[in-house]
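Student: got a structure for you, letters missing:
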């Protein structure tokens, strides 16, 4: 359970079956979560809830994880992969430069204070706004047609 939870915490999005369970139980064995659970869990759910889970080793049912915002989508058992692929397709139809810039800003945000984060964001976003894909997106919107992304 702990290793799987830590793997999930390393992901940008989490789709889970309603009967899934998350948890970092290492404290119950005299250990600590070695692969990012201590760092990532408090970033993904309210800190006090994360600390409780980390200190008690209690499991976190998928429904509660969804309520806390850790899980993006809950599915009936056996339908998780279908939902995850559908979500991936929804993302993949968008402009690749935009997706890359958003992911970088989100992932690098915690390395900076607020002012530095906005400066870093501007550096990452400016080339996207000046890109061919940005122009294509505006034209496609105005022409009421699907965009054709080129990644440039």
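Tutor: Structure received. Bear in mind the structure is a predicted one, so any value in this text is a computation, not a measurement.
Student: okay, now residue 37: neighbour count?
Tutor: Residue 37 has 26 neighbouring residues, counting by other CB atoms under 10 Å. Heads up, the C-betas are built off the backbone N, CA and C, glycines and all.
Student: what about the spatially closest residue to it that is not a sequence neighbour, distance to residue 63?
Tutor: Leaving aside its sequence neighbours, residue 37 sits nearest to residue 24 (CB to CB, 6 or more residues apart in numbering; 4.2 Å). The gap separating residue 24 from residue 63 is 18 Å, by CB to CB, to the nearest Å.
Student: so what secondary structure elements neighbour the lowest-mean-pLDDT helix or strand in the chain?
Tutor: Here the helix or strand of the chain ranked lowest by mean pLDDT, DSSP states H and E is helix 114-129, holding a mean of 73. If you count contacts as 3 or more CB pairs under 8 Å, 6 or more residues apart in numbering; DSSP states H and E, helix 114-129 packs onto helix 96-108.
Student: buried ones in the helix it packs on?
Tutor: 97, 98, 101, 102, 105 (16 or more other CB atoms under 10 Å).
Student: export those as a markdown table, with columns for pLDDT and distance to residue 9.
Tutor: Output for the buried residues of helix 96-108, formatted as a markdown table (pLDDT from 0 to 100; distance: CB to CB, whole Å):
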| residue | pLDDT | distance to residue 9 |
| --- | --- | --- |
| 97 | 92 | 27 |
| 98 | 93 | 25 |
| 101 | 91 | 23 |
| 102 | 91 | 19 |
| 105 | 86 | 19 |
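Student: and which of those is nearest residue 69?
Tutor: For the buried residues of helix 96-108, the minimum distance to residue 69 (CB to CB) is 18.0 Å, reached by residue 102.
Student: residue 151 contacts residue 97, doesn't it?
Tutor: Yes - with contact defined as CB atoms under 8 Å, residue 151 reaches residue 97; the gap is 6.2 Å.
Student: need the residues touching each of these two.
Tutor: residue 133 (CB atoms under 8 Å, 6 or more residues apart in numbering).
Student: residue 24 and residue 63 - which one has more neighbours?
Tutor: Neighbour comparison, residue 24 and residue 63: the larger count goes to residue 24, with 30 against 14 (by other CB under 10 Å).
Student: right, I'll call it a day here.
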